[in-house]
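Asks: Everything below, folded, please.
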Amino acid sequence: MNSIRQVPSRVKSKRTETNLGAEREHFDKQQLSSISKAINTSETPVKEKHARRIILGTHREKGAYTFWSYAIGLPLSSSAILSWKFCHVLHKVLRDGHTNSLQDCMRHHSNISEIGQLWGNIRDRYGYGQLVAQYAKLLCSKMEFHNKHPEIRANLEASDEVLERTAGTDINNVFQLTVEVFDYMDVELRLAESVLRQLNTSIAISTLTAGQCKLAPLIQVIQDCSHLYHYTVKLLFKLHACLPPDTLQGHRERFHDQFHSLKTFFNKARDMMYFKRLIQIPRLPDSPPNFLRASALAEHVKPMVVIPDEEEPEEQEEDEPEPLIDVSEAPSASMTSQPQVDIFDQAFGPPNDGFDDRDLQIESLKREIEALRTELEKIKAEAQRYITQLKSQINSLEAELEEQRVQKQRALVENEQLRMELEATRRRNAEHESIQSTFVEADKRAQATELRYNKLKEKHAELVANHAELLRKSADTVKMLSATQQTQEEVERTKQQLAFEVERAKQESDMKLEEQKFEMDKLRRDLEEKILEIQRMKGTLQTCEKASDQINSSMTSLQVEKERLMRCVSEKEAELSSLRQATQLKQSSLDQERERSSKELHELQSKLKEKQSHEKQLQQRMLEEQFALLQGTVSEAEMIIQDAVAKLDDPLHIRCTSSPDYLVSRAEATMGSIDKVQSGHAHYLKNMGNAGALLRALTQFSHLAADTIINGSATAHMAPTDNADRLTENCRGCATQSLHFLQELKSKDSLKGADPSSIRVMVQKILRIAQDLRPKGMDVGKEELGDMVDKEMAATSAAIEEAVRRIDEMMNQARRDTEGVKLEVNERILNSCTDLMKAIRLLVLASTDLQKEIVESGRGAATVREFYARNSRWTEGLISAAKAVGWGATQMVDSADKVVLHTGKYEELIVCSHEIAASTAQLVAASKVKADRGSKKLSSLQQASRHVNEMAANVVASTKTGQEQIEDKDTMDFSGMSLIKLKKEEMESQVKVLELESMLENERLRLGELRKKHYEIAGVPLEQIAQDNGLRAPSPTAPFSPRPSKPALMKKPALAQKPNVPPKTMVNLQRFT
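Replies: Prediction:
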C-alpha cells in the first residue's frame, strides 16, 4: 500500500483533449487536488490513492517540480499536523517517485531544515512539533545520503553488487560509508521511538485516526530500516575482514545498540493492529551477528518487508506458523489416566492387598507410555525441523515474490511511460494531419489564384481585342468625318461609348489587380501604363479632326506597344514561375540545414555541458581530497603538540633536563619551519589543488615545535626560578598559539586568515630566554676565550655593517614617504647616524689592530689561545666591550627607525648616542690596559675614539635640532586672561611642577636601584664602586673587571656613573653633553 504497486491495470479515463495546454492544465488541477487532499490539517492518515497520484505525477513529468510548486505555498509554519503530513508525503515521493525527484527536493533542503528547527522550538498540545523536527532531520539526512551516493536509490532497494561498487576497494571509503549508514539508521530509529513514546504516554491507540495519523509514516521507516540493517551487516563483515577487531570495537557496540533498538521497534509495531493489515514486518534473530567469526555471514538472512496489495483480501499476520503435526493431544495422557484406572478396575476387579498380575501390567503400561513419550519427542523434533525448512522456503518465496512485485512495478511504470509516449505520438500525428490539411488548403488557394490569373489574362486579351476593334472603328470614323454631320454625331457617341467601356475595363482590371497584387505587381504597373496610353488615345481621338496623321502614327505606336507588352507579360510569367520554384527549393534546403545545424548544436552543447560538469566534479573531488589530507595532517600535528603539552605537567618529565644550547638550536629550527609553513600556506591559498608543500611544512613544524616545547620544559628544570617560570609560560603559549593556528587550518572559513606570526613571537621569546641562559663569558673555558674574542669582534663588525645598510634603507624610504621639513630633519639625523656608524667601524678596526699587536708582543713563545687564557679577565673585558659596541649600534638603528616612522622618541636616540659613546670608551679602555704607551696603533685608537665622540655629539645635536623644528611650541599669550584666571593657571602650573619633580625624584631613585642591580650582576662589589675612580693596571690579584654581555631588555647606566671608564674619557664625553 506504500508504493506504486497498486497502479491500476487499465486507465479508467482516456484523454480526449489534443491540445497540450489543456492536457497540462488538467494534470496541474489533478496534482493540486491530490496535494490538497493529502496534506491538510485534519488529524487523519494520508490516503494511499492521493499519495499514489502524486507519485505517478512525478513519473509523468520526470521530476517533482509540480509537487514543489504547490507545496512551497503551504502554510507549514501555522499547523504542526500539516507539517507532519507534508513530511509523510515527501518521504513517499523520495522513496517511490521518479529518480529526478531527489534533485528537485535538494533545492528545498534549507526550507525543510528551517521547518524542522521552527517546530523543534515550539510545543503544541498534540505533540506534533517535536515529531516534525525529528522527521525533518530524517528527510534532510536521507536526501544528503542519497545525493552523495546516487548509486543507491532513495527506496534503498540495491543489490549486494551495487553496495560493493559503492563502497569500493579503499577501506577508508568503506569505513566512512559504514559511519554514514549508522547515522542514517540513528535518525530513523529516533523518529520511531519518539512516535511510540507519545502513543504510550497518551490515550491514542492504533485503531483511532489520531493514532493512525502518527503511525502511518512508520511504514516507510520500517522499509528503510530493514535495508539499512542489511547494509550495516554486510559492511561490518567487510571491515572485519580488513581491519583488526580492536579498531572496530566502537562500531560493534554501536551496531549492538541499534540492533536492540530496531528489534524492540519491530516487536512493538508487530503487536499493533494498524500494521497487521498494511505491512508484514520481518523478525530479527535473537542475538546480533558475530562479526569476529567470518562464517557467520552465511547465516545472515536479509529481512524482507512485504506489503500486501489492496485488491487482495486483508489477512492478519500469524506470529508463528502452524506445526505439521498436532501435538496438542500429548497432555491428554495425564488427563485420561483416571478413566483408564476405572476401566482397569472394572475389568480385573479391585486390587488386593498383595501383588498380582495387575502390577506387572501397570509396569508394562508405564514402559509403553515412556516409549510413546520418546517417540512423541522425536516426532516433535521432526516437526520442528520441517517447520524450520518451511520457514526458510517461505522466506525465499517471499523474496521471489518481492522481486516479482518490483518487476511488476517497473513494468507498470514502463507501461505508463509507453502509454504517454503513444499519446504524444498520436498528438504529433494529429498535428501532422492538421499541417497536411493546411497544406492542401494552401494548394487549393494557389490553384484558385492561378485560375484568377488565367481569367485576368483572358480579360486582358479581350481588352486588347476591344481596343483594336475600337481603333478600327476610329479609323472608319475619321474617313467618314467629311461625309455628314450625322456621321460625326455617331462618332461622338462612339467616343462616349468607347470612353465608358474603357473606364469600366479600367475598374475591372483594377479590382483584379488589387486581389493579386502580391503576385502581379510588375504586371499591374504595365497595365497602368497601358491605361495611360489609352487615355492618351482618347485625347488623340478628340483632336482627330485636326490631325489624322497623328492618329495613324499613334495607332502604329500602339500596335508596337501592344506587342512589347505581350512579350513583357510572357517574360514576367516565366520569371515569376522560375522565382517561385527557386524560392521553394531554397526554403526546403534552408529548413533541412536549420534542422541539421540545430541537432548538431544541441549535441555539441550537451557534450560540452557533460565535459564541464565532469571537470568540475574532478576538480571538486581533488580539492576535497587535498583538504582531507590537510585535515589529517593537522589532526596529527595537534596530537603531537598536545602530547608535548601533556609532558609539561607529567611528574616523570621533571627528571628530564636539557642544555640552553640545544634549546637554541631547536628554537632556530622551529623558526625556519614556521617560515616554510607560511610559504606553504600562501602557496596552498593560490593553488588549493596542491597541498604538498603545506603538508610537508606542517609535519616538520609539528615535530620541531613539540621538540622545542619539551626541551624548553627540560631546560627550565635547570634554570633559575624566574627564568624557569617565564620559559615554561612561553612554552605553553607556543603550544596554545600552535593549536590555535592548526584549528584555523581545519576550517575552510578561517583557512585564509590563518597566520603563524603569533607562534613566531612565542618561539622568539623562548629563543631569547635560552640565549640568556647560556653560560656567560666567565663560565666559558679558558681555552675558548681566544676564539670568542675573534668571534665577538667579527660579530661587532657585522652588526655595524648591518646597521649602515639599514640606515641606507631608512634614508631611501624617508625620501619616498616624506617631504619638506620632515624630510630635512630625517636626512640630517640619518646622515649623522651613518657618520657615527662609520666612525665606530674605524674604531673597531683600530681596536682589532691594537689587539693583534698586544697579543704578538705579549704572548712570547705561547700560542694566541694560551695568551688569552693566561689573561682571562682582560679577555673577558674585551669581549664584553665588543658586545656592548655591537649592541649599541643595533639599538641606535632601531631608535632611528622609530624616530623616522614617528613611533619613537627623540630622547631614545640621544640616550643611544650616549650609550654608544660609553661603550666605545669601554672598548678603548680595555684595549689600552695592555698596550704600550708609545704605540702608534694606540694613538690611532684614541683618535678614532675622539672621532666617535664627535660623531655622537653630532647625532645629539641633529636630534635636538630636529626635535625643535618638528615640535611646535605654543606661544604664551596671557593678554586675554583676568587676574583670577591667571592666578588659577599659576596654581595649576605649580601643581604640575610639583608632580613632575616628584616623578623625577622617584625615577632617579629607580635609576639608582637599577644601576646597583646592574653592578651586582656585572660582578663589581658595591664597596669597590666608590674606590674605582681611576684606571689601574691589571695585576694577578686585582684584574680588570669587565661586564658580561648586555641583556636584551636591560638599559646600561649613564656614562658618568660607569666605574670602569677612565676620567679622561669621561671628560671628553661630557664636552658634547
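Asks: Leaving aside the residues adjacent along the chain, what's closest to the residue most central in space within the chain?
Replies: What sits nearest the mean C-alpha location of the chain, by Cα atoms, centre = their mean, is K748, with 6.7 Å. Using Cβ to Cβ, 6 or more residues apart in numbering and skipping the chain neighbours, the partner closest in space to K748 is F627 (7.2 Å). Every residue, glycine included, has its C-beta placed from N, CA and C.
Asks: Distance of the residue nearest to the centre of the chain relative to G689?
Replies: Look at K748 and G689: by Cβ to Cβ, to the nearest Å, they are 14 Å apart.
Asks: got it, and Q678?
Replies: Separation of Q678 from G689 (Cβ to Cβ): 20 Å.
Asks: now H614
Replies: Distance, H614 to G689, using Cβ to Cβ: 16 Å.
Asks: cool, T670 as well?
Replies: Taking Cβ to Cβ, one finds T670 at 29 Å from G689.
Asks: Looking at the two now, which is surrounded by more residues?
Replies: Set side by side, T670 and G689 show more neighbours around T670, with 27 against 10, by other Cβ atoms under 10 Å.
Asks: From R427, how far off is the more buried one?
Replies: 77 Å.
Asks: got it, and L601?
Replies: From L601 across to R427, the span is 26 Å (Cβ to Cβ).
Asks: go on, L823?
Replies: Between L823 and R427 the computed distance is 87 Å (Cβ to Cβ).
Asks: repeat for L585
Replies: Taken as Cβ to Cβ, the span from L585 to R427 is 31 Å.
Asks: next one: I916
Replies: Taken as Cβ to Cβ, the span from I916 to R427 is 101 Å.
Asks: Residues contacting stretch 694-704, please?
Replies: Stretch 694-704 has contacts (Cβ atoms under 8 Å, 6 or more residues apart in numbering) with 629-630, 633-634, 636-637, 640-641, 666, 669-670, 673-674, 676-677, 679-681, 683-684, 738, 742, 745.
Asks: That stretch: which residues count as buried?
Replies: By 16 or more other Cβ atoms under 10 Å, the buried positions in stretch 694-704 come out as L694, L695, A697, L698, Q700, F701, S702, H703, L704.
Asks: Inside helices: which ones of those residues?
Replies: Of the buried residues of stretch 694-704, the ones assigned to helices by DSSP state H are L694, L695, A697, L698, Q700, F701, S702, H703, L704.
Asks: name the helices or strands packed onto the lengthiest helix in the chain?
Replies: In the chain, taking DSSP H as the definition, the longest helix is helix 357-479. When contacts are defined as 3 or more Cβ pairs under 8 Å, 6 or more residues apart in numbering; DSSP states H and E, helix 357-479 sits against helix 48-61, helix 337-348, helix 485-515, helix 521-542, helix 548-648.
Asks: got the angle between that helix and helix 48-61?
Replies: Interaxial angle, helix 357-479 versus helix 48-61 (axes from the mean of the first three to the mean of the last three Cα atoms, to 10 degrees): 50 degrees.
Asks: what about helix 357-479, average pLDDT?
Replies: The pLDDT scores in helix 357-479 average 79.
Asks: Same question for stretch 143-153.
Replies: Average pLDDT, stretch 143-153: 92.
Asks: buried ones in it?
Replies: Buried, per 16+ other Cβ under 10 Å, within stretch 143-153: M143, F145, H146, H149, I152.
Asks: From one end of that stretch to the other, what's the distance?
Replies: For stretch 143-153, the first and last residues are 10 Å from each other (Cα to Cα, to the nearest Å).
Asks: now stretch 268-286
Replies: End-to-end for stretch 268-286, by Cα to Cα: 15 Å.
Asks: Which other helices and strands does the strand or helix carrying D722 contact?
Replies: Using DSSP states H and E, the element containing D722 is helix 721-746. If you count contacts as 3+ Cβ pairs under 8 Å, 6+ apart, helix 721-746 packs onto helix 548-648, helix 692-716, helix 757-773.
Asks: Which residues in the shortest one does the neighbour count mark as buried?
Replies: In terms of neighbour count (16+ other Cβ under 10 Å), helix 757-773 has its buried residues at 759-760, 762-763, 765-773.
Asks: Mark which of the contacts of stretch 694-704 are buried, thanks.
Replies: For these, buried by 16+ other Cβ under 10 Å: 630, 633-634, 637, 640-641, 666, 669-670, 673-674, 676-677, 680-681, 683-684, 738, 742, 745.
Asks: and V181, what does it touch?
Replies: L228, Y231, T232, L235.
Asks: I'd guess it is in a helix, am I close?
Replies: Yes: membership of V181 in a helix is supported by DSSP: H, G, I helix; E, B strand; the rest coil.
Asks: so what pLDDT did it get?
Replies: 93.
Asks: Ok, the one 5 residues further on next?
Replies: According to the predicted model, the pLDDT of D186 comes to 94.
Asks: for stretch 721-737, what is the average pLDDT?
Replies: 88.
Asks: Tell me which of the helices and strands packed on helix 721-746 sits most buried.
Replies: Comparing these by mean neighbour count (mean count of other Cβ atoms under 10 Å), helix 692-716 comes out on top with a mean of 23.
Asks: Report the inter-axis angle for that helix versus helix 757-773.
Replies: 40 degrees.
Asks: so helix 692-716 versus helix 721-746, what angle?
Replies: Using the same axes, to 10 degrees: helix 692-716 against helix 721-746 is 160 degrees.
Asks: and helix 692-716, how far out from the chain's middle?
Replies: Here helix 692-716 is found 30 Å from its chain centre; the criterion is Cα atoms, centre = their mean, to the nearest Å.
Asks: Quickly find the element holding M718.
Replies: Going by DSSP H and E, M718 is not in any helix or strand.
Asks: Could you shift the numbering so residue one becomes 92, and keep it that way?
Replies: Renumbered: residue one is now 92, and that last one reads M809.
Asks: Which residue, other than its chain neighbours, is closest to it?
Replies: Nearest one to M809, counting by Cβ to Cβ, 6+ apart, is T748 at 5.1 Å.
Asks: contacting residues around that neighbour?
Replies: T748 neighbours (Cβ under 8 Å, 6+ apart): A805, T806, H808, M809.
Asks: so how far is C747 from the second one?
Replies: When Cβ to Cβ is the yardstick, T806 and C747 sit 10 Å from each other.
Asks: One more: A807?
Replies: Taking Cβ to Cβ, one finds A807 at 10 Å from C747.
Asks: Same check on I310?
Replies: From I310 over to C747 (counting by Cβ to Cβ), the distance is 65 Å.
Asks: Could you do L1000 as well?
Replies: Distance from L1000 to C747, by Cβ to Cβ: 46 Å.
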